[in-house]
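# Build me a model from this:
(4 chains)
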Number of protein chains: 2
Amino acid sequence: MEKAQIGRPREFDAEEALQKAMVVFWEQGYEGASLADLTERMGISRKSMYAAFGNKEELFRKALQRYSEGTVSYAVEALQAETAREVAETFLGGSVRANTRPGCPVGCLGVQGALAVGEAGRVARDILTEWRNGGQGLLRDRFERAVEEGDLPAGADPDLISRYVMTIANGMAVQAAGGASREDLQRVADAALRSWPPA
Amino acid sequence: MEKAQIGRPREFDAEEALQKAMVVFWEQGYEGASLADLTERMGISRKSMYAAFGNKEELFRKALQRYSEGTVSYAVEALQAETAREVAETFLGGSVRANTRPGCPVGCLGVQGALAVGEAGRVARDILTEWRNGGQGLLRDRFERAVEEGDLPAGADPDLISRYVMTIANGMAVQAAGGASREDLQRVADAALRSWPPA
DNA sequence: GCACTTCTGCACTGATCGGTGCGGAAGGGT
DNA sequence: ACCCTTCCGCACCGATCAGTGCAGAAGTGC
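Residues are numbered from 1 along each chain as shown, chains lettered A, B, ... in the order given. The predicted model follows:
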């Protein structure tokens, strides 16, 4: 993705193009986003896309990375919260907003990008599965620390709690894809955190 | 789908073929399931498939109907439970099992069949959205009745409660698609119902 | 100004997409 | 035995899929 110093410099903004590609993957999924759709929305030719990003799979990978650093940046913020409860609140609140951001597709790229796919999308599906499991692992680590710090009761199960929180987030993504409003989702998030810890 | 009385009768079992098609849609999604995949697994020719089911979209519709009546039959059972809490318990417990049934694809056809799709899958996506919202509506109606019967407190919000329960079910479907075990999911379902009503 | 490198648009690749026309085979009603 | 209907396998349809070769244009360093 680095451009060489010599020769004609590229005319388009790679970051901007990647952002557009991310949106297309987000709203149409990996399989549903054709090269024609992608390059048209990115405003560049097929050739430029391949030169800058490699291929469709690499483009997807980079789009997901941008999604992580941009849209889902609330997650790292959540992990730094003071208490386990605040971690969960910040994480779910951030999910609610990310799933219903005006001007962006509804739902979550990491969920709807490639949940069930044919042969061609298998790599993308595995990338997203690992992405979701990775995020859940970070939550688990944070809750483990909370148990050690006495912030969560000694008998609490960080694995279960992280899975519980992530299940709510995943479910809200599906709800958003089905048309749920930001207020609808926030009420669900509040309900899910009414008893804490959940187990 | 009815066959005429006159002429050569079809050689394959339509119900059996539909079951196979349902599995393919379930594990690969609408867009990811090609006609070649489908007819190969159904064990019939393209021509027979079109004659018996119409087209890919109609096949999907009928596969979803079969899914509703078979795999998701626990839902109607859940709606008939005595109390609102038992409704939720039965519904989520049934989801847990349906999402992790040995010999079947993991996850839920209604969630992963067509969540984010390109132009070609838009109808399938809308069918599934309506399917999920319809199920949620049935839950809401049941919880409304529970409020009238005093089974749920007078201030309880059936819309929120049904959305809450469905969000958990949706989230568990995503978790299952990512490899969560039946035990993992059942613990999440238990945690989600630890406080009832949820709001 | 020259040489070098890379960019870009167009046309094209083989493969696959969903869907169909055709002709032969095969069963049921009379 | 006849006819009529339907089934079914094959080849084929135009369209689209992801990915590429080519050739001309254009910017940079000397």
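# Now for the most centrally placed residue in chain A: which residues touch it?
For chain A, the residue sitting closest to the mean C-alpha position, by Cα atoms, centre = their mean, is A:Gly110 at 4.3 Å. For A:Gly110, the contacting residues are A:64, A:67, A:72, A:128, A:131-132, A:135, A:173, taking Cβ atoms under 8 Å, 6 or more residues apart in numbering or on different chains as the criterion. Placement of C-beta: from N, CA and C, glycine included.
# quick one: pLDDT of A:Ile6?
Among the per-residue scores, A:Ile6 holds a pLDDT of 70.
# same question, A:Ala169
According to the model's per-residue confidence, A:Ala169 sits at a pLDDT of 98.
# What is the helix or strand that it is a member of packed up against?
Counting by DSSP states H and E, the element that carries A:Ala169 is helix A:158-177. For helix A:158-177, the packing partners by 3 or more Cβ pairs under 8 Å, 6 or more residues apart in numbering or on different chains; DSSP states H and E come out as helix A:84-99, helix A:109-112, helix A:122-148, helix A:182-192, helix B:158-177, helix B:182-192.
# tell me the contacts of the closest residue to A:Met166 other than its chain neighbours?
On the basis of Cβ to Cβ, 6 or more residues apart in numbering or on different chains, the spatially nearest residue to A:Met166 that is not a chain neighbour turns out to be A:Gln136, at 4.5 Å. If you count contacts by Cβ under 8 Å, 6+ apart, A:Gln136 has them with A:162-163, A:166.
# Tell me the residues of chain A that contact DNA strand C?
Residues of chain A found near DNA strand C (Cβ under 7 Å from any atom of the strand) are A:3-4, A:6-12, A:44-48, A:51-52, A:118.
# Filter those residues down to the buried ones.
Neighbour-count burial (16 or more other Cβ atoms under 10 Å in any protein chain shown) is assigned, among the residues of chain A next to DNA strand C, to A:44, A:48, A:52, A:118.
# right, so of the helices and strands packed on helix A:158-177, which gets closest to B:Gly150?
helix B:158-177 (13.6 Å; Cβ to Cβ).
# how far is that closest one from where the chain is centred?
Helix B:158-177 has its C-alpha centroid displaced from the chain centroid by 12 Å (Cα atoms, centre = their mean, to the nearest Å).
# do the same with stretch A:103-110
Here the centre of stretch A:103-110 is set off from its chain's centre by 9 Å, with Cα atoms, centre = their mean.
# what are the C-alpha coordinates of it, in PDB please?
Output in PDB follows, covering the C-alpha atoms of stretch A:103-110 (Å, rounded to 0.1, in the frame of the first residue of the first chain):
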ATOM      1  CA  GLY A 103     -25.000   8.300   6.800                       C
ATOM      2  CA  CYS A 104     -23.600   4.800   7.400                       C
ATOM      3  CA  PRO A 105     -25.100   1.400   6.600                       C
ATOM      4  CA  VAL A 106     -27.100  -0.100   9.400                       C
ATOM      5  CA  GLY A 107     -25.700  -3.000  11.400                       C
ATOM      6  CA  CYS A 108     -22.200  -4.200  11.800                       C
ATOM      7  CA  LEU A 109     -19.700  -5.000   9.100                       C
ATOM      8  CA  GLY A 110     -18.100  -7.700  11.400                       C
END
